[in-house]
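Undergrad: Sequence first, predicted coordinates after that:
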Amino acid sequence: KQEVTQIPAALSVPEGENLVLNCSFTDSAIYNLQWFRQDPGKGLTSLLLIQSSQREQTSGRLNASLDKSSGRSTLYIAASQPGDSATYLCAVRAWGAGNNRKLIWGLGTSLAVNP
Amino acid sequence: DVKVTQSSRYLVKRTGEKVFLECVQDMDHENMFWYRQDPGLGLRLIYFSYDVKMKEKGDIPEGYSVSREKKERFSLILESASTNQTSMYLCASSRGTGNTEAFFGQGTRLTVV
């Protein structure tokens, strides 16, 4: 059964730091992996989607990598800003007919970037 | 821009009421999902639909039902609201194949009193 873990659960950094958020999954047979951002009391915003055949995706200051063999993905945030403060969630879509309809979720990393 | 719209941001309902949460997407996505989110428990899938009139139970379907009569609209129904259904409800949609990036609505904070 696929399980997704995000460590750490919470992170506090000073403004300007480069930081890495981690996501690990137990079954390497994935269709894709997606990173989301959630602000308090709001819905989720899609940040990056990595297909199983890809190694990384970039959007602005964000870079997400995928290593299926080790069951890991990292979200790299460069030059962090207070506006990056939010909860970051990763979700894995499993491989296989029917299975790839559902996302398996981590519990998220709550990030605080201090001015 | 993909848009997923939930009918209400905040709702307060009484115990025993029948509650309808509506979700509409404008990208012709095959898949639509209803989740609830609670502190410490993360996102839990209630129901999802992969086509019009098609639905599958998620991890916590008890006390809920769904309706998908049109491709763009997916409704979540609380048959008889209870206080333990107080939660944040999130709707999402995605394509069925290829680029299956999921997009979410803004969420509905439901309080049952």
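TA: Structure's in. What do you need?

Undergrad: which residues are contacting the helix or strand of chain A at the bottom of the mean pLDDT ranking?
TA: Here the helix or strand of chain A ranked lowest by mean pLDDT, DSSP states H and E is strand A:103-105, holding a mean of 92. Identification of contacts with strand A:103-105 by CB atoms under 8 Å, 6 or more residues apart in numbering or on different chains yields A:2-4, A:25, A:34, A:89-94, B:33, B:42-43, B:45, B:102. Placement of C-beta: from N, CA and C, glycine included.

Undergrad: now with 6 Å?
TA: A:Q2, A:V4, A:A91, A:V92, A:R93, B:G42, B:L43 (CB atoms under 6 Å, 6 or more residues apart in numbering or on different chains).

Undergrad: show me what contacts B:G16?
TA: B:S80 are the contacts of B:G16 under CB under 6 Å, 6+ apart.

Undergrad: how about it, phi and psi?
TA: phi 90, psi -10 (degrees, to the nearest 10).

Undergrad: Give me the distance from the helix or strand containing A:V13 to the chain's centre.
TA: Counting by DSSP states H and E, the element that carries A:V13 is strand A:10-14. Remark: strand A:10-14 is offset 16 Å from the chain centroid, using CA atoms, centre = their mean, to the nearest Å.

Undergrad: Which phi and psi values does the closest residue to B:V52 other than its chain neighbours adopt?
TA: Nearest non-adjacent residue to B:V52, counting by CB to CB, 6 or more residues apart in numbering or on different chains: B:K71, 5.3 Å away. Reported as degrees, to the nearest 10, the phi and psi values for B:K71 are phi -60, psi -30.

Undergrad: B:D38 too?
TA: According to degrees, to the nearest 10, B:D38 has phi -130, psi 150.

Undergrad: I figured it hits B:S87, correct?
TA: Yes: here B:D38 reaches B:S87: they are 5.4 Å apart, a contact under CB atoms under 6 Å.

Undergrad: So if I had to pick from those two, which one is more boxed in?
TA: B:S87 (19 against 12; other CB atoms under 10 Å in any protein chain shown).

Undergrad: Around the residue lying closest to that one once chain neighbours are set aside, how many other residues sit close by?
TA: Spatial nearest neighbour of B:S87, excluding adjacent residues (CB to CB, 6+ apart): B:R36 at 4.4 Å. Close neighbours of B:R36, defined as other CB under 10 Å, add up to 23.

Undergrad: Regarding B:R36, which helix or strand does it belong to?
TA: Counting by DSSP H and E, B:R36 is found in strand B:31-38.
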